[in-house]
Every structure is written in C-alpha cells, then in structure tokens.
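S.K.: Pasting a predicted model and its sequence here:
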Amino acid sequence: MEGNVGDEIIVEGRTLGDPRRTGEVLEIRNTGGVRHYRVRWDDGTDCVFYPSSDTQFVPTRAHKSHN
C-alpha cells in the first residue's frame, strides 16, 4: 500500500515493548524509482521516511470519499 499527502502513517514497534509511532504524510518523493515520504511525527519531528513491511497508511476522509 502507498500513502498520499495527508494520510496518517502508523509504524509498529520493531521489538516487543517498542511503542507504535504515528504521524502525517506531508510530501511524497521519488528518487531513483524509490517512493519515500516526508512525515511529521506526532512528537513534532519531521523526517524523510522509507516505509517497510511494518508501515500502514490510513487514508484521510477526503481520500476515502473519492474511492
């Protein structure tokens, strides 16, 4: 699954006891055919994020109404 700008992003903890991390997709980037995202995490930090198998994207209401 791929995310869109405005979607919520959820990343599960990698090991037992690690907290779940959530944020918002701010921008989609493609470099060398690899899709990655600029994300603002709930703790207020921003970063460029390359999703892995433990990543989920939750569409915003605006995206849900168009599907």
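M.R.: Cool, got the structure. Predicted, not measured: the structure shown is a model, and the values here were computed from it.

S.K.: quick one: strands adjacent to the longest strand anywhere in the chain?
M.R.: Ranked by residue count under DSSP state E, the longest strand found in the chain is strand 21-31. Applying DSSP bridges, strand 21-31 is found paired with strand 8-11 (antiparallel), strand 34-41 (antiparallel).

S.K.: Might you report the residue contacts of the residue most central in space within the chain?
M.R.: Nearest to the mean C-alpha position of the chain, by CA atoms, centre = their mean, lies Ile9 at 3.2 Å. Residues in contact with Ile9 (CB atoms under 8 Å, 6 or more residues apart in numbering) are 3, 22-25, 37, 39, 49, 51, 55-58. Bear in mind the C-beta positions are built from the backbone N, C-alpha and C, glycine included.

S.K.: show me what contacts the residue lying closest to Val5 once chain neighbours are set aside?
M.R.: Of all residues not flanking Val5 in the chain, Val25 sits nearest, at 5.6 Å (CB to CB, 6 or more residues apart in numbering). The contact partners of Val25, taken as CB under 8 Å, 6+ apart, are Gly3, Asn4, Val5, Gly6, Asp7, Glu8, Ile9, Tyr37, Arg38, Val39, Phe57.

S.K.: mind redoing it with 10 Å?
M.R.: Applying CB atoms under 10 Å, 6 or more residues apart in numbering to Val25 gives the contacts 2-9, 37-40, 49, 57-58, 60.
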